[in-house]
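[1] next comes the sequence, and after it the predicted model I'd like to discuss.
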Number of protein chains: 2
Amino acid sequence: MQSIRFKEAIRVRANACTGGAMEKEGPIGAYLDEYDETGKFEGETWEESESRMLKKTIECAIKKAGKETKDIDYLFCGDLLRQMTASSFGVKSLQIPVFGVYGACSTMGESLVLASVMLEAGGADCVVAATSSHFATAEKEFRFPLSYGNQRPPCATWTVTGSGAAVLEKGSKESGIYVVAATPGKIVDYGITDKANMGACMAPAAVSTISTHLRDLGLSPDYYDKIVTGDLGVVGSEILLDLLKAEGFDISKQHMDCGLTIYDRNFQDVHSGGSGCGCAAVTLNGYIVQNMREGKWKKVLFVPTGALLSTVSSNEGDTVPGIAHAVAFEWRE
Amino acid sequence: MQSIRFKEAIRVRANACTGGAMEKEGPIGAYLDEYDETGKFEGETWEESESRMLKKTIECAIKKAGKETKDIDYLFCGDLLRQMTASSFGVKSLQIPVFGVYGACSTMGESLVLASVMLEAGGADCVVAATSSHFATAEKEFRFPLSYGNQRPPCATWTVTGSGAAVLEKGSKESGIYVVAATPGKIVDYGITDKANMGACMAPAAVSTISTHLRDLGLSPDYYDKIVTGDLGVVGSEILLDLLKAEGFDISKQHMDCGLTIYDRNFQDVHSGGSGCGCAAVTLNGYIVQNMREGKWKKVLFVPTGALLSTVSSNEGDTVPGIAHAVAFEWRE
């Protein structure tokens, strides 16, 4: 079975998220723990800005958990930059043993799965899963430096400047949000080469992971209050619903896409929606967990999606394969 | 405790490794399962070559384990390229759920630790840990395209064209090699900025992980037949032994560095030794496991080291932080 049902009680002890001006002005801006309207977080380069934002988010989550850095056994994190330097430079001074993970924009899902598996294995008592993305570093890494002022097609998405972190611990009997299951994803490649249309590239991977999750655990979509994809945007979300219907699953009532939640497309010029590791991370660690804590949603399937491309692979004419990792959260009284 | 002692019997069922001409001609070339003297593995670009080499290695390991691809529950792998496209494109057609991991040249250690944790958690019966590096892709990613013909200082190392894969399974009572413990590493940064001297950048991380491992588990260095670092080379190995002595551990009798094992520095123009994810991966999955299976070594501590830099971080004047993940192997009758 591709899915894992956790036997241990893996509790989401605390969450934190941060962002920039666009994220603060958006519909879920009120859920940010901290923000910097310049997006700089006092960094001298955009890369340093992203590192500082990630570190601030992790420290905030640890503080909200009533813990100190020394209480964290392991940290699972990654980002979009080459060789994941936003993470390496961001977390090095925390001196927590670290596992670097890469799943492109699905990284919040991958880090949560591996953090939960570590707790299930008994290898740790308390761990942190985190990720980040930054509009300015992502444009430089994947497209052009900001000052070039390139234009983007309507199907393109806007990389979120934001970071999210979750503190997980085991063995608690208190009421709260628990990780109950996970479905690590396979890489799915429908042969799409248009890197400006990442929603279309990633949707088939989300279809694979969501349908496998529901089949593995014998669930129908209405078991969940929300089935949340990461950053499919307008184009990818439509493809997702269509393809899942063809597989026999109608998730149109439960579906929510973080890329369509974090910005208001009527007032913010983000084309098809938000994207980047920070998109799903901010939406999960702010808006979603708050809705669960307020009792609005009891069961949420979180399925962030990643596009596994680089400028080199694109320039060499390769396709854009996708991946999606699912994490099932439940509120327990 | 930073270290993990596994309670489950986590068996190394099979290993495979591949390389190019330099690796075949080197002292441990006879241990390669397959090699391509052109280094191309029938790829049309160097990136495709690395992907094909990685896939071939994983398939070879699965075959040696007497298994099929469908028997593998999860795959843990990563590489040095931006956004880890060597791995994504290499493994996508295998259709195994995949966790992308990044620890620079320590990736074989990180993937082994996480694969073992997954088995310990009961989330899988059989998993694969793998990684790769390629001289031509690494030169392009971190330095210059090969045709530029740049010169390198004597402390520089030569990126191994090679890949290694290990098939791990749980619950076996047969004699064989078992993963018994692991020490995931912290990021250590001594402020070195010379990216041509990666041995010096990474040695302090190996010191941290090895000394923590020995202290956590109450072991002296002579508990192990071999304590194996990844790619410290001549310069880094000397620093390692000196710094560990200052911490009270003399590992000079047990120490072996994969970077000094995979090439013959008298006859091969590799300066300070071999490096890259493939360096530790090929040496472990060929030479080391064979020596354990032949009864020469019973207990081996494998500690690959990674330099967490990118061209962007270097160009912006950042330091080169290091990381090292330790995996303890034991032969059981």
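    Cool, the structure landed.
[2] when you work out contacts or count neighbours from here on, use the C-alpha atoms and nothing else.
    Noted.
[3] need the contact list for the residue lying closest to A:Lys245 once chain neighbours are set aside.
    With sequence-adjacent residues excluded and distances taken as Cα to Cα, 6 or more residues apart in numbering or on different chains, A:Lys245 is closest to A:Ile251, at 7.9 Å. Listed by Cα atoms under 8 Å, 6 or more residues apart in numbering or on different chains, the contact set of A:Ile251 reads A:221-222, A:227, A:241, A:244-245.
[4] same thing with A:Tyr190?
    Here A:Tyr190 is in contact with A:201, A:204, A:321 (Cα under 8 Å, 6+ apart).
[5] pLDDT of the longest strand along chain A, averaged?
    Taking DSSP state E as the criterion, chain A has its longest strand at strand A:4-19. The predicted model assigns strand A:4-19 a mean pLDDT of 97.
[6] just the buried residues of the helix or strand immediately after that strand in the chain, please?
    Moving toward the C-terminus from strand A:4-19, the first helix or strand encountered (DSSP states H and E) is helix A:21-25. By 16 or more other Cα atoms under 10 Å in any protein chain shown, the buried positions in helix A:21-25 come out as A:22-25.
[7] CA atoms only: put helix A:21-25 into PDB for me.
    Only the C-alpha atoms of helix A:21-25 are listed here, as PDB (Å, rounded to 0.1, in the frame of the first residue of the first chain):
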ATOM      1  CA  ALA A  21       3.100  42.600   1.400                       C
ATOM      2  CA  MET A  22       1.200  40.700  -1.200                       C
ATOM      3  CA  GLU A  23       0.400  37.900   1.200                       C
ATOM      4  CA  LYS A  24      -0.500  40.300   4.000                       C
ATOM      5  CA  GLU A  25      -2.900  42.200   1.600                       C
END
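[8] now do that helix: distance to the chain's middle.
    Distance of helix A:21-25 from its chain centroid, counting by Cα atoms, centre = their mean, to the nearest Å, is 18 Å.
[9] who does it touch, helix- and strand-wise?
    Where contact means 3 or more Cα pairs under 8 Å, 6 or more residues apart in numbering or on different chains; DSSP states H and E, helix A:21-25 is not packed against any helix or strand.
[10] quick one: residues in contact with stretch A:38-48.
    A:19-21, A:49-50, A:52-53, A:85-86, A:89-90, A:134, A:136-137, A:161.
[11] tell me which of those residues fall in helices.
    Those of those mapping onto helices are A:21, A:49-50, A:52-53, A:85-86, A:89-90, A:136-137, per DSSP state H.
[12] looking at these, which is nearest B:Ala61?
    The nearest member of those to B:Ala61, counting by Cα to Cα, is A:Thr85 at 31.3 Å.
[13] quick one, what contacts that closest one?
    By Cα under 8 Å, 6+ apart, the neighbours of A:Thr85 are A:47, A:51, A:79, B:308-310, B:313.
[14] give me the nearest residue to A:Ser252, chain neighbours excluded.
    A:Leu241 is the one closest to A:Ser252 (Cα to Cα, 6+ apart), at 6.4 Å.
[15] now the one you found. Its backbone dihedrals?
    Dihedral pair for A:Leu241: phi -60, psi -40, per degrees, to the nearest 10.
[16] chain B contacts on the stretch 1-150 of chain A?
    Applying Cα under 8 Å from any Cα of the partner chain, we find that the stretch 1-150 of chain A lies next to chain B at A:1-2, A:4, A:73, A:80-85, A:88-89, A:92-93, A:95-104, A:110, A:114, A:117-118, A:120-123.
[17] so what touches stretch A:242-249?
    A:204, A:207, A:211, A:220-221, A:250-251.
[18] apply 6 Å and report the result again.
    A:Val207 (Cα atoms under 6 Å, 6 or more residues apart in numbering or on different chains).
[19] do the same with stretch A:292-303
    By Cα under 6 Å, 6+ apart, stretch A:292-303 touches A:224-229, A:325-331.
[20] same thing with stretch A:93-109?
    Residues contacting stretch A:93-109 (Cα under 6 Å, 6+ apart): A:74-78, A:80, A:131, A:276-277, A:281, A:304-307, A:324-325, B:100-103, B:184-186.
[21] among those residues, which are in helices?
    Those of those lying in helices (DSSP H): A:277, A:281.
[22] which parts of the stretch 151-300 of chain A sit against chain B?
    Within reach of chain B by Cα under 6 Å from any Cα of the partner chain, the stretch 151-300 of chain A has these residues: A:184-187.
[23] out of those residues, who's nearest chain B?
    A:Lys186 (4.1 Å; Cα to the nearest Cα).
[24] got a list of what that closest one touches?
    A:Lys186 is in contact with B:95-98, counting by Cα under 6 Å, 6+ apart.
[25] tabulate those (TSV), appending distance to A:Arg11, neighbour count and secondary structure.
    Listed next are the contacts of A:Lys186 as TSV, based on distance: Cα to Cα, whole Å; neighbours: other Cα atoms under 10 Å in any protein chain shown; DSSP: H, G, I helix; E, B strand; the rest coil:
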residue	distance to A:Arg11	neighbour count	secondary structure
B:Gln95	31	16	coil
B:Ile96	28	23	coil
B:Pro97	25	23	coil
B:Val98	24	27	strand
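[26] hang on, the earlier thing: buried residues in the longest strand of chain A, which are they?
    So, applying 16+ other Cα under 10 Å, buried residues of strand A:4-19: A:4, A:6, A:8-19.
[27] closest to B:Val289 out of these?
    Using Cα to Cα, these come closest to B:Val289 at A:Ile4, 30.7 Å.
[28] surely A:Ile227 touches A:Asp257?
    No. A:Ile227 is not in contact with A:Asp257 according to Cα atoms under 6 Å; the separation is 8.4 Å.
[29] which one's more surrounded, those two?
    Neighbour count, other Cα atoms under 10 Å in any protein chain shown: between A:Ile227 and A:Asp257, A:Asp257 has more, with 26 against 23.
[30] what's the closest non-adjacent residue to the more buried one?
    A:Thr229 (4.7 Å).
[31] again, but for A:Val167
    That would be A:Val128: by Cα to Cα, 6+ apart, it lies 4.6 Å from A:Val167.
[32] ok so the one you found is a strand residue?
    Yes. Counting by DSSP: H, G, I helix; E, B strand; the rest coil, A:Val128 is found in a strand.
[33] pLDDT of stretch A:50-62, averaged?
    Per-region confidence: stretch A:50-62 scores 98 on mean pLDDT.
[34] which stretches in the stretch 151-300 of chain A count as helices?
    Using DSSP state H, counting those that start in this stretch, the helices assigned to the stretch 151-300 of chain A run over residues A:198-216, A:233-246, A:258-261, A:277-282, A:289-293.
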